[in-house]
Each structure stands twice: as C-alpha cells, then as structure tokens.
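**Student:** Build me a structure from this.
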Amino acid sequence: MHAPVQLSKLAHARMKQNGDGCIIMNTSIHGTLSVEWMTAYAASKAALDQMTRGMSNEWASDGIRVNAVAPGIVPVERTEKILHQKSAQDLWLPHLPAGTLIDVQRNERICILLNFRAFNRADGNSCGYCRCSHLFMHC
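**Tutor:** Numbering: from 1, shown residues only. The predicted model follows:
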C-alpha cells in the first residue's frame, strides 16, 4: 500500500495545481471476492479499494477523480499457459463479471475510457467489467 499512497499523493499535488485530474487504480476482484491461499493479496486489494473511495471523497473538491478497475483474471506471461487450460477456465470464468478473461490491452482501453470526464464521476467505486448493477458507470 505504500507505493499507491505515495504516488497518489504526488499526483494529487500536481493535478491540484491544474484544477483537475484523474487517478485510476488497478485493483482486483479479490478485493471483494477471494479464494483460499490469497488472503494477503485479497487484503491488500480490499485496502486499495477503500483507499480509492477515501481519496475520491477527499479530492473531488479539487476536481480530481479517483476510481479503480478490477479486471478479473488477466493472463500475463507467468500465468498465461495455465489460464488457457479448460480446467482453469472452468474454475474461474463463472466468477468473473464479464464472464471471460481480460487481456492487458483491453484493461488499458478501459483505463483510457475512464480517463474521459464524460464516462466518469468522482465516486471512488471499482469497475468490474460490465456487471452493471455494481458499476459507477453504465455499460
């Protein structure tokens, strides 16, 4: 949590001078839904979710929006092989808001979209892809 706190404070100071800005945290579905053997990771993501909500409330009057994306499972180099196996997909996909694995490029596009003021408001919620009853923005 040290790095997100410090980086956000530095960004806030710079953005406040400009009168607006947008900070997007990359969090995880494990902040609200976890599985065995992920306790420490889940706790850190839950803390990041709460930090996002708090900073959003504190910094909204400075014109700074703080939100988070929780993309679900993102296959990266160290996990790609196992996550493309049917057994892993059968285990994980039913629990993912979008019902599919999200690639790094799609996560990047979602973050870019959230940066636009028209698709965003400063309420500090996490965006689980297209689970509209839980979103701060409509899909």
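**Student:** quick one: buried residues of the helix or strand Ser56 falls within?
**Tutor:** In this assignment (DSSP states H and E), Ser56 forms part of helix 39-59. For helix 39-59, the neighbour count (16 or more other CB atoms under 10 Å) marks 42, 44-46, 48-49, 51-53, 55-56, 59 as buried. All C-beta atoms are positioned from the backbone trio N, CA, C, and that covers glycine.
**Student:** Which helix or which strand is home to Gly67?
**Tutor:** Not quite, residue 67 is Asn, not Gly. Going by DSSP H and E, Asn67 is part of strand 64-69.
**Student:** which helices and strands does that strand pack with?
**Tutor:** Secondary-structure packing of strand 64-69 (3 or more CB pairs under 8 Å, 6 or more residues apart in numbering; DSSP states H and E): helix 2-18, strand 21-26, helix 39-59, helix 104-115, strand 126-127.
**Student:** rerun at 6 Å
**Tutor:** Judged by 3 or more CB pairs under 6 Å, 6 or more residues apart in numbering; DSSP states H and E, strand 64-69 is in contact with strand 21-26, helix 39-59.
**Student:** For the helix or strand following that strand, which outside residues touch it?
**Tutor:** Next in sequence after strand 64-69, counting helices and strands by DSSP H and E, comes helix 80-83. For helix 80-83, the external contacting residues (CB atoms under 6 Å, 6 or more residues apart in numbering) are 75, 88.
**Student:** before we move on, back to that, quick one: the helix holding Ser56 to chain centroid distance?
**Tutor:** 10 Å (CA atoms, centre = their mean, to the nearest Å).
**Student:** Just the CA trace of it, in PDB.
**Tutor:** Extracted C-alpha coordinates of helix 39-59, given in PDB (Å, rounded to 0.1, in the frame of the first residue of the first chain):
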ATOM      1  CA  THR A  39      -5.600 -13.900   2.000                       C
ATOM      2  CA  ALA A  40      -2.700 -11.300   1.900                       C
ATOM      3  CA  TYR A  41      -3.300 -10.400  -1.700                       C
ATOM      4  CA  ALA A  42      -7.100 -10.000  -1.100                       C
ATOM      5  CA  ALA A  43      -6.500  -7.900   2.000                       C
ATOM      6  CA  SER A  44      -4.100  -5.600   0.000                       C
ATOM      7  CA  LYS A  45      -6.700  -5.200  -2.800                       C
ATOM      8  CA  ALA A  46      -9.500  -4.500  -0.300                       C
ATOM      9  CA  ALA A  47      -7.300  -1.800   1.200                       C
ATOM     10  CA  LEU A  48      -6.700  -0.300  -2.200                       C
ATOM     11  CA  ASP A  49     -10.400  -0.300  -2.900                       C
ATOM     12  CA  GLN A  50     -11.100   1.600   0.300                       C
ATOM     13  CA  MET A  51      -8.200   4.000  -0.300                       C
ATOM     14  CA  THR A  52      -9.700   4.700  -3.700                       C
ATOM     15  CA  ARG A  53     -13.100   5.500  -2.100                       C
ATOM     16  CA  GLY A  54     -11.500   7.700   0.500                       C
ATOM     17  CA  MET A  55      -9.300   9.700  -1.900                       C
ATOM     18  CA  SER A  56     -12.200  10.100  -4.200                       C
ATOM     19  CA  ASN A  57     -14.200  11.700  -1.500                       C
ATOM     20  CA  GLU A  58     -11.300  13.800  -0.200                       C
ATOM     21  CA  TRP A  59     -10.100  15.100  -3.600                       C
END
